[in-house]
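Visitor: Please find the sequence and the predicted model below.
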Amino acid sequence: MATSSEVSAAEIRPASLWRLTWRRLLRQRSAQVGGLILLLLVLTAIFAPVIAPYDPLEVLIGKEDVRKREAPCIHLLGCPPDKPQHIMGIDGNFRDVFSRVIYGTRVSLFVGFTTVTFAIIAGTLLGAISGYAGGWVDNVIMRLMDVLMAFPSLLLAIAIVAVLGRGLQNALLAIAIVSTPVYARVVRASVLSLKEREFVQASRALGAGHAHILLRRILPNALPPLIVQATLGVATAILDAAALSFLGLGAQPPTPEWGTMLGTERNQVFTAPHLVFFPGLAIMITVLAFNLLGDGLRDALDPRLKQ
Amino acid sequence: MLQYTIRRLLLAIPVLFGILLVTFVLARAIPGDPCKAMLGEKATPEVCERFYEEHGLNDPVPVQFAVYMGKVLRGDLGTSIRFSRPVSIIILERLPTTVELSLAALTLAVLIGIPLGIISAVYRNSPVDVGTMVLANTGVSMPVYWLGLILAYTFALLLKDTPFWLPPAGRLSAGVVAKPFYEVFGWDVGTEGARYFVLEFFANMYVLNSLITRDWAVLKDALQHLALPAMALSTIPLSIIARMTRSSMLEVLRQDYIKAARAKGLRRHIVILKHALRNALLPIVTIIGLQVGLLFSGAVLTETIFSFAGVGRMLFEAITARDYPVIQGFTVVIALIYVGVNLLVDLSYVLVDPRIRLE
Amino acid sequence: MTQPLLDVRGLKTYFFTEDGVVKAVDGVDLQVYPGEILGLVGESGCGKSVTSFSILRLVDEPGRIVEGQVWFEGQNLLALDEAAMSHIRGNRISMIFQQPKSSLNPVFSIGDQIAEVFQVHQGMKKKAAWAKAVELLRLVGLPDPESKAHAYPHQLSGGQAQRVMIAMALALRPKLLIADEPTTALDVTIQAQIMDLILELRERFGTAVILISHDLGLIAEAADRVAVMYAGRIVEQAPVRELFARPQHPYTQGLIASVPVLGRRQERLNTIPGTVPNLVNLPPGCRFASRCQARVEQQLEVCTQTEPDLLPVAEHHLVRCWLYQPQPQATPAAEQTP
């Protein structure tokens, strides 16, 4: 029994593995919820100009009868119909918060995807080289990663932004650098465990080159843990970027970025809580979507649950 | 075990050296002139020259590093450019705050997270389990500072004039003084030396200090001020610990020895709390150790929200003000704590699992 | 024979999985008499282990005992509350498992784990219980029991671990011992020693044993009576000599024929063709019908339509097979046979 199941596990072709995973993923409650929220967020980002009633940078003073940091006015909830509707209220610069939150989706998704893409590329490269080459190369690269990981990630990101200067781009770069070691470790671990496996040995015996073995044989097999890590990584990246912006190091006003919106109005929490509540809620929902999806992916790809 | 500890400490030296080097280089790479940052844009070249000389900034960077390393080895972390005070004194004031806050948050996380995880695992797929996991997932997705602000709004404003009111800022109410326990006991400890340092360190943890001096009024005040930041800071570790406890328990609960323990006639709660939990503890301890890094990151944000004079806030300000000695000194201390906690976690494995031999 | 010690009636244990309801145990009747060894045989997955876990009510989610009674010393175990059931387990009925090493808790010393039985059931103090544990370790033949009691499971061999499990199971002289493949995971040389130990101790304490195994040689040697299980049901039950001399059910015949016999030349080992039916979608009729040579040879239509009952063919010899039973009134389908 045992031997036959091992054989069949090794014989599973990637295509069928992916199909299996996909089917399992569709059955996962957390993946369903996460995927659905993510889909809505992507649609929101794409159709932001259609959904948002105002331009996110438009200052409404003089154009409408609005007060500074006015509380939300929702017609359904009893706001007089003759007043213009602002469902998330007005911010300190007489702008419509709802429109800014909607446009903020674009910034956050962009932040999440770009930083993780960068981190994956850098991490995969470093991890693959490290695991495949071994010896002193491995040592140098992994010790460097150790040093990077020995810092609390947000503090390291703050330091890097301090070097590079404030701004969204530099914040992205900082977060990408900070999150690289995780991917390097994941890829290196996969490479190490696969390097000595039969099918890799076999293609080496057939005379395949290093690059071929690495790209065609090892990396595709290292993908599942990488995908899980990447999905969860997007969540962390969005959270960290928002934190940097909150501290005034990331996106600068008047960019409609959720962390920045929170940071600039944080002292108004007692007088105008809506300015703090909605951007934070948006961050939480977005991060939650990626976390749920990542959890679902992990369960779907976890071989222990396959039985 | 002693041998292992010593070897681990020796192994930590290159990592610490690496951290020092990286911080040093990063600190120098921060654009901007510390002279202009400190003395203002109008500082004349002559004044700046004297400033550089005073702080050893004229030497080549490698020399600066060597000098700095030499001082660090002698326990001298230098003088803050911004405050003209020894970095060690600033650490002495700030570190206990963060340690107290982190410990409070971690205690909350462990005391609530582990039981929640156990209940979730035991009643898998029940409404309790689903509810707990929804909360845990939400917990890790929450921006700490946002939660902090919401808590402040709720407890300081909405619950004003109720017994649940909690102060939104600071460590003690205005006018409340936490007299160091060594003064209360009439010990003369001076203002220097290792003894003063250690005593002052503990005295600066107000909760601990007021417990020692049995000053219940100060204790209540300190706890009230600690409550909101600790709650905010504990959310993420709590969620992570609850999830890890759940999955670790689920893994253990399907082992043969659990069924065998039940077959012996042990009651279910004994099987769960004694036989299962003890085995599930290893990954939980690991994850608790990993929270320390998250706590420091979270401390920067939490301390900002609640005006807590701690390490995180200080380091953030030092980076923006290019106060090199403070940046370096604080980084070294944080890295030391990191290494120490990791060592403690590894040592605790031996207590948890007899199969593990440290070598 | 006398009153049975254990009387299982119509036991049904189902697993409610995402893919459907798996009827792992589907109407098992079983009696164990005081002091006897009942062998329970069958292929893996036929429900032997689930039956034994059901007796002790240790079936894990998503499994559930849906029907039946388990009478033991005048009580229906399935009707007891948890507290009363805990009092039965490890005290009146105990169990040893297939994987001795993974059945011991890795983080407690074996002395602690044996002592626990005395502490829980007899309220003994730690020290007295530990002394009892050491005594038991000596009884099961572990060398140097005083210091071995402090050992952790990972420091034991498989055979030693099984000795510890036996010590734990027999600590309170239970009336019934369920041994679920007690020697399967052990080296061949150790197997005989462990089996001898079980036999010796049950002789001494007068314990009845349910010996679960797929090893017919072991059963033939140790058991007094044998029950053969197939796809969640008992298909044949007889005293051991009777069963091996005159197996009646085609499945039992196949099982016995598939054991290689020393000294007899065989071109190839006999095997039973086909596989156990899917326990989710059981076909109507006899569960063995799809694999049954006799059915084909005898051209019995009834086998695929109605399930036979477990009925006596000789004294103490029960068989569930249409070959030995009058067929029911011809069904419409049967009339169509040419």
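Guide: That came through fine. Numbers count the residues shown, from 1 in each chain, chains lettered A, B, ... in the order given.
Visitor: From here on, just use CA atoms for contacts and neighbour counts.
Guide: Noted.
Visitor: which SSE is the residue most central in space within chain A in?
Guide: For chain A, residue A:234 is the residue whose C-alpha lies nearest the centre (Cα atoms, centre = their mean; 1.2 Å). Element membership of residue A:234, judged by DSSP states H and E, is helix A:219-246.
Visitor: biggest helix in the chain by residues?
Guide: Using chain A. Ranked by residue count under DSSP state H, the longest helix found in chain A is helix A:97-133.
Visitor: that answer is for a different chain, and I need it for chain C
Guide: The single longest helix within chain C, with elements called by DSSP H, is helix C:188-205.
Visitor: How about it, which residues are buried there?
Guide: Neighbour-count burial for helix C:188-205, counted by 16 or more other Cα atoms under 10 Å in any protein chain shown, picks out C:191, C:194, C:197-199, C:201-202.
Visitor: with those residues in mind, which one is nearest to chain A?
Guide: Closest to chain A out of those is residue C:191 (21.6 Å), distances taken as Cα to the nearest Cα.
Visitor: For the residue nearest to the closest one when sequence neighbours are not counted, which residues are in contact?
Guide: Once flanking residues are discounted, residue C:191 sits nearest to residue C:183: 5.2 Å by Cα to Cα, 6 or more residues apart in numbering or on different chains. Residues in contact with residue C:183, defined by Cα atoms under 8 Å, 6 or more residues apart in numbering or on different chains, are C:98, C:191, C:194-195.
Visitor: I'd like the residues you listed written out as CSV, with distance to residue B:104 added.
Guide: CSV is the format used below for the contacts of residue C:183 (distance: Cα to Cα, whole Å):
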residue, distance to residue B:104
C:98, 47
C:191, 56
C:194, 54
C:195, 57
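Visitor: wait, which of the residues you listed is closest to chain B?
Guide: residue C:98 (9.5 Å).
Visitor: Give me the pLDDT for that closest one.
Guide: For residue C:98, the pLDDT comes out at 88.
Visitor: Please apply the same query to residue B:24.
Guide: Note for residue B:24: predicted pLDDT of 81.
Visitor: Contact partners for it?
Guide: Contacts of residue B:24 (Cα under 8 Å, 6+ apart): B:65, B:324, B:328.
Visitor: In stretch C:284-291, which residues are buried?
Guide: C:285-291.
Visitor: And for stretch B:162-172?
Guide: Those would be B:165-172, for stretch B:162-172 by 16+ other Cα under 10 Å.
Visitor: so which of those residues comes closest to chain A?
Guide: Set against chain A, the nearest of those by Cα to the nearest Cα is residue B:168 (10.5 Å).
Visitor: Quick check, that closest one in contact with residue B:225.
Guide: Yes. Residue B:168 sits in contact with residue B:225 when judged by Cα atoms under 8 Å, with a separation of 7.2 Å.
Visitor: Tell me which residues touch the closest residue to residue C:286 other than its chain neighbours, please.
Guide: Closest residue in space to residue C:286, ignoring its immediate chain neighbours: residue C:307 at 4.6 Å, by Cα to Cα, 6+ apart. Residues near residue C:307 by Cα under 8 Å, 6+ apart: C:284-287.
Visitor: Residues of the stretch 1-150 of chain C that sit close to chain B?
Guide: C:56, C:58, C:83, C:85-91, C:94-97, C:99, C:102-107, C:117, C:120-121 (Cα under 8 Å from any Cα of the partner chain).
Visitor: Report the central residue of chain B.
Guide: With distances taken as Cα atoms, centre = their mean, residue B:102 lies nearest the centre of chain B, 4.3 Å away.
Visitor: What sits closest to the one residue in the stretch 101-250 of chain C that gets nearest to chain B if chain neighbours are left out?
Guide: Of all residues in the stretch 101-250 of chain C, residue C:103 sits closest to chain B, at 3.9 Å by Cα to the nearest Cα. Distances taken as Cα to Cα, 6+ apart put residue B:257 closest to residue C:103, at 3.9 Å, once the chain neighbours are dropped.
Visitor: Assign a three-state SS to the one you found, would you?
Guide: Three-state call for residue B:257 (DSSP: H, G, I helix; E, B strand; the rest coil): helix.
Visitor: looking at this, residue C:65 is in a helix?
Guide: No. Counting by three-state DSSP, residue C:65 is located in no helix; its state is strand.
Visitor: mind checking how far the nearest residue to it once chain neighbours are set aside is from chain A?
Guide: Leaving aside its sequence neighbours, residue C:65 sits nearest to residue C:13 (Cα to Cα, 6+ apart; 4.2 Å). Between residue C:13 and chain A the computed distance is 21 Å (Cα to the nearest Cα, to the nearest Å).
Visitor: how many other residues sit next to residue C:13?
Guide: 26 (other Cα atoms under 10 Å in any protein chain shown).
Visitor: State the helix or strand in which it lies.
Guide: Here residue C:13 is assigned to strand C:6-17, by DSSP H and E.
Visitor: From residue B:255, how far off is the residue nearest to the spatial centre of chain C?
Guide: Central residue of chain C (Cα atoms, centre = their mean): residue C:212, 3.4 Å from the mean position. Going from residue C:212 to residue B:255 by Cα to Cα, to the nearest Å gives 20 Å.
Visitor: Report the buried residues of the longest helix belonging to chain B.
Guide: Secondary structure of chain B read by DSSP H shows that its longest helix is helix B:216-253. By neighbour count with 16+ other Cα under 10 Å, helix B:216-253 contains the buried residues B:218-219, B:221-250, B:252-253.
Visitor: same question for it, mean pLDDT?
Guide: Mean predicted lDDT for helix B:216-253 stands at 93.
Visitor: before we move on, back to that, name all residues that make contact with the residue nearest to the centre of chain C.
Guide: Going by Cα under 8 Å, 6+ apart, residue C:212 touches C:39-41, C:48-49, C:178-182.
Visitor: Going by distance to residue C:153, which of the residues you listed wins?
Guide: residue C:182 (17.0 Å; Cα to Cα).
Visitor: so where does the residue of chain A found nearest chain B fall, helix or strand?
Guide: Across chain A, the shortest distance to chain B (Cα to the nearest Cα) belongs to residue A:163, at 3.9 Å. If you go by DSSP H and E, residue A:163 is part of helix A:153-164.
Visitor: list the helices and strands the helix or strand hosting residue A:287 packs on?
Guide: Per DSSP H and E, residue A:287 falls inside helix A:274-301. Packing contacts for helix A:274-301, counted by 3 or more Cα pairs under 8 Å, 6 or more residues apart in numbering or on different chains; DSSP states H and E, involve helix A:14-27, helix A:29-46, helix A:97-133, helix A:219-246, helix A:258-264, helix B:127-141, helix B:144-152.
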